[in-house]
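Visitor: Got a sequence here, can you build the structure:
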Amino acid sequence: MKVRKAVIPAAGLGTRFLPVTKSVPKELLPILDRPMLQYVVEEAAEAGIGEVIIVTARGKESIAAYFQPAPALEQRLSGSGAAGLQEKVRHASSLADVSFVIQEEPLGLGHAVLQAKNAVGGEPFAVILPDDIIAHSPGALTQMLEVAGRLDAGVVAVEAVPMELVPNYGVVAATPREERVHQVHRMVEKPPVEEAPSNLAVVGRYILPPEVFDCLERTTPGAKDEIQLTDGMSLLLEEQDLYAYEFLGTRYDGGNPLGLLRASLEFALAQDETREAVKALVKNLPL
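Guide: Model (predicted):
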């Protein structure tokens, strides 16, 4: 299964980060010196995906601006001897061929993915949620593409979570097939603990066949009149095999302030140039 395109839904309001998201898209909030969105585009590029389709909303034009070349800024940095900064600026705009589609109304993750149907065309594609930052080399998407190619089927990323957290996620009913790989039989969106088929929670990485678009078009809107991607994949399961993969790596929930803070601290501790400074900073905090 050759995957050349990735869809990144980035049209949400970012309510958990208000008031800053009144003017700054949540996806551009930084982990150290790079926005969350850049981390997931880099993950796609590492996996060999050359085309990224970002589903965004009106008022979030700064996302498009971020991935545009900035020749005037690069020239100024070059003239001031800041070659390292110049390369960082150039890197962001050279990761992939980035295009944009607009989701006019916030009608759910499935609806957001559906907006990319024409841009994706009739080929398999990845979906990456920028809230979920996964630290590992190789990246989670690279791992999943290996599984998808070997099994010639769609793959969703899952993570075992404590049972008390299951109502916060979509979860899978699945049968183990090999190490870290489970064949999915059923998907349930945010079940009560007593009704959950497992504690394998679906997180923000998917490899999907193009037939999922037809399934999303047939999906009945649920709560808040939203179309859920999980419901569309449930229809897909009636026609095709789907596998769940327990990825290698640490997942950070960048969708809330404390999750983003944790990611920033742990990423800084993992880098040689910032590790000691962060250790000293934490040590001197008035706890």
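
Visitor: Please confirm that Val188 is located within a strand.
Guide: Yes. Using DSSP: H, G, I helix; E, B strand; the rest coil, the assignment for Val188 is a strand.

Visitor: Now do the same contact list for it.
Guide: Val188 sits next to Gly170, Val171, Val172, Ala173, Glu195, Ala196, Pro197, Thr230 when contact means C-beta atoms under 8 Å, 6 or more residues apart in numbering. C-beta: built from backbone N, CA, C; applies to glycine.

Visitor: Could you check how many residues crowd around the fourth one?
Guide: Think Ala173. 15 (other C-beta atoms under 10 Å).

Visitor: follow-up on the earlier one: of all the contacts of Val188, which two lie farthest apart?
Guide: Glu195 and Thr230 (14.7 Å; C-beta to C-beta).

Visitor: which residues of the stretch 151-287 of the chain fall in helices?
Guide: Secondary structure of the stretch 151-287 of the chain (DSSP state H, counting those that start in this stretch): helices located at 211-217, 229-236, 257-269, 272-283.

Visitor: Excluding residues flanking it in the chain, which one is nearest the most centrally placed residue in the chain?
Guide: By C-alpha atoms, centre = their mean, the chain has its centre lying nearest to Leu129, at 2.2 Å. Spatial nearest neighbour of Leu129, excluding adjacent residues (C-beta to C-beta, 6 or more residues apart in numbering): Gly204 at 2.8 Å.

Visitor: next one: Tyr252
Guide: Ala263 (3.8 Å).

Visitor: Then Val282?
Guide: In space, Val282 is closest to Leu265, 7.5 Å off (C-beta to C-beta, 6+ apart).

Visitor: what pLDDT does the one you found get?
Guide: For Leu265, the pLDDT comes out at 94.

Visitor: now do Glu159
Guide: For Glu159, pLDDT reads 96.

Visitor: Identify the bridge partners of it.
Guide: Beta-bridge pairing of Glu159 under DSSP bridges involves Ala201.

Visitor: Glu195 and Thr230: which is more packed in?
Guide: Per other C-beta under 10 Å, whichever of Glu195 and Thr230 has more neighbours is Thr230, with 21 against 10.

Visitor: Make sure the more buried one is actually in contact with Val202.
Guide: Yes. Between Thr230 and Val202 a contact is recorded at 6.7 Å, counting by C-beta atoms under 8 Å.

Visitor: can you list residues touching both of those two?
Guide: Common contacts of Thr230 and Val202, defined by C-beta under 8 Å, 6+ apart, comprise Gly170, Met187.

Visitor: burial count for the residue nearest to Leu129?
Guide: When neighbours are counted by other C-beta under 10 Å, Gly204 comes out with 23.

Visitor: Distance of it relative to Leu237?
Guide: Taking C-beta to C-beta, to the nearest Å as the measure, Gly204 falls 19 Å from Leu237.

Visitor: Likewise for Pro197?
Guide: Pro197 is 13 Å from Leu237, by C-beta to C-beta.

Visitor: In contact with Val89: list those residues for me.
Guide: Val89 neighbours (C-beta under 8 Å, 6+ apart): Ala70, Leu73, Glu74, Leu77.

Visitor: Report the contact partners of the last one.
Guide: Yep, that's Leu77 we're talking about. Contacts of Leu77 (C-beta under 8 Å, 6+ apart): Ala83, Leu85, Gln86, Val89.

Visitor: ok, now the first one?
Guide: Under the criterion of C-beta under 8 Å, 6+ apart, the contact partners of Ala70 comprise Val89, Ser93.

Visitor: how far away is it from Ser93?
Guide: 7 Å.

Visitor: Show me where the stretch 101-250 of the chain has its strands.
Guide: For the stretch 101-250 of the chain, applying DSSP state E, counting those that start in this stretch gives strands covering 125-128, 132-135, 154-160, 170-178, 181-189, 200-208, 242-246, 250-253.
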